[in-house]
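In: Okay, predicted coordinates and the sequence, questions at the end:
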Amino acid sequence: MSGLLNYLPKVDSDKIGWPWSVEVGKEEYSCNINWPKITIVTPSYNQGCFIEETIRSILLQNYPNLEYIIFDAESTDDTIEILKKYSDYLTYWKSEKDNGQTDAIKKGLNITTGTLFNWINSDDFLQPKALLVIALAYIVNSNIDILTGTTINISQQGEYISKFHFNTQRLIDNMLFDVGVNQPGSFWRTDLILELGLNSNLHYIMDLDIWFRYLYKYGKNNIYLLNHDVASFRLHTNSKTVSMSNKFNIEEFGIYMVYFSNVILKSAPLFFIKNQFSEYFKKIEIADNKILDISLQDNLKMEYLLLNKLLTQNMLIFSILEDTGMNKKDQFRFIVNLPSTEDVNKSNALKSMSLLKFIQSNKLITIPFFYECFVLNKNKILLSDLTRTFFRNFLFNLKNRLRLIN
């Protein structure tokens, strides 16, 4: 049974395969099923070289109850020409100035009428049968909040890089510190995403923010994992993920500072480290309860980013230690005096050895490493007095804390 493929605008003959010469057959969708309406919003700006692939990957799902909305921010490349070419097949599209990607997505949310919702960026695309699989899973599990499948990371040319699948097998505390967002591969109940809302002040990690708030409020039990490739996420030189990674880090730290005090954390070490670092960051004009633009001298800004990485990575280490059942005092002892491979082998501490390998293989910045390299200046990099003083005091307080824990 033919779908939209024969009606959509023709493409160059060298474009073959999905979503150029292949479609999901209309016969896949039984007429006896009340298919839930799925709304997809594409925020767009100057991605003319990719957006046609995005559009076709959504339309050629041939999903019988689709609402597809595109908000463009007055692109200056050939995006508008492409949108006009496909306008008859879109539910709604508009090109006007906006305040960034989040603003464009919220415009779509304001007019959505679907039961399920996702946004697919104009350089990403859906995999074949993605909407079919999402809808069938929702029909059988209508109490589910989020349906999430596999996202394939691809290069600018569309070559395979890796796959990502959301993991709900970890403790909720650990998930909050390392959410691992699978944005294009996850479809939400529309009423839920409207309830949580997107943070207009965030331009890079609005997806992480809403996942964080969802997990904090509702936990992980109503997330449905699909064993199916749902979307492809493109990494290219002009994508924000690649070209603006530092800004992602800045916003991410802001989220943690906003929510740390409220998160259900049972680990005293995590609270202690958070409080120590928040005092330091206040001194370099980063408020503890909101995200501010950072206007610092270059060297101090780099120190901020380095310490931000140190903080978040050590919280991940603490979370892993929590899972091993290690008591609070031993957690502090481990983190302050990270054992060498030789020491671990002598003590036959298998759990510590496993964690040590994890730290080494992932090149995590640990507290002892930071102290040796930057505070003792073994790598000849001169820290500012502000950062050096903070870290000496932090380590002193951390060791005192260790003495006080029973």
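Out: Looks like it arrived, so ask away.
In: where are the low-confidence patches of the stretch 1-150 of the chain?
Out: 1-2 (pLDDT under 70).
In: Now do the strands for it: every range, in order, please.
Out: For the stretch 1-150 of the chain, applying DSSP state E, counting those that start in this stretch gives strands covering 38-44, 66-72, 92-95, 116-119, 125-126, 146-154.
In: Figure out which of the ones you listed is closest to Tyr29.
Out: Evaluated with C-beta to C-beta, the strands of the stretch 1-150 of the chain place strand 66-72 nearest to Tyr29, the distance being 10.9 Å. Where you see a C-beta, it was placed from the backbone N, CA and C, and this is true even at glycine.
In: hang on, the earlier thing: could you identify which of the strands of the stretch 1-150 of the chain is most buried?
Out: Among the strands of the stretch 1-150 of the chain, the stretch with the highest mean neighbour count (mean count of other C-beta atoms under 10 Å) is strand 125-126, at a mean of 28.
In: Same list (the strands of the stretch 1-150 of the chain) but as a markdown table, adding distance to Asp191.
Out: Formatted as a markdown table, the strands of the stretch 1-150 of the chain follow (distance: least, C-beta to C-beta, whole Å):
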| stretch | distance to Asp191 |
| --- | --- |
| strand 38-44 | 12 |
| strand 66-72 | 15 |
| strand 92-95 | 20 |
| strand 116-119 | 9 |
| strand 125-126 | 22 |
| strand 146-154 | 12 |
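In: Out of these, which gets nearest to Gly197?
Out: Going by C-beta to C-beta, the one of the strands of the stretch 1-150 of the chain nearest Gly197 is strand 116-119, 12.4 Å.
In: partners of the closest one in the sheet?
Out: With DSSP bridges as the test, strand 116-119 is paired with strand 38-44 (parallel), strand 186-189 (antiparallel).
In: Now tabulate these in TSV and tack on distance to Phe164.
Out: Below are the strands paired with strand 116-119 laid out as TSV (distance: least, C-beta to C-beta, whole Å):
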stretch	distance to Phe164
strand 38-44	20
strand 186-189	11
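In: between those, which gets nearest to Glu96?
Out: Of these, nearest to Glu96 by C-beta to C-beta is strand 38-44, at 11.2 Å.
In: got the angle between that closest one and strand 66-72?
Out: Using axes from the mean of the first three to the mean of the last three C-alpha atoms, to 10 degrees, the direction of strand 38-44 lies 20 degrees away from that of strand 66-72.
In: neighbouring contacts of strand 38-44?
Out: The contact list for strand 38-44 (C-beta atoms under 8 Å, 6 or more residues apart in numbering) reads 51, 54-55, 58, 63, 65-73, 75, 79, 83, 101, 104-105, 107-109, 112-122, 131, 134-135, 187, 190.
In: Only whichever of these are buried, select them in PyMOL.
Out: Typed into PyMOL, the line below selects the buried ones among the contacts of strand 38-44, using 16 or more other C-beta atoms under 10 Å:
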select buried, resi 51+54+55+58+63+65+66+67+68+69+70+71+72+73+75+79+83+101+104+105+107+108+109+112+114+115+116+117+118+119+120+121+122+131+134+135+187+190
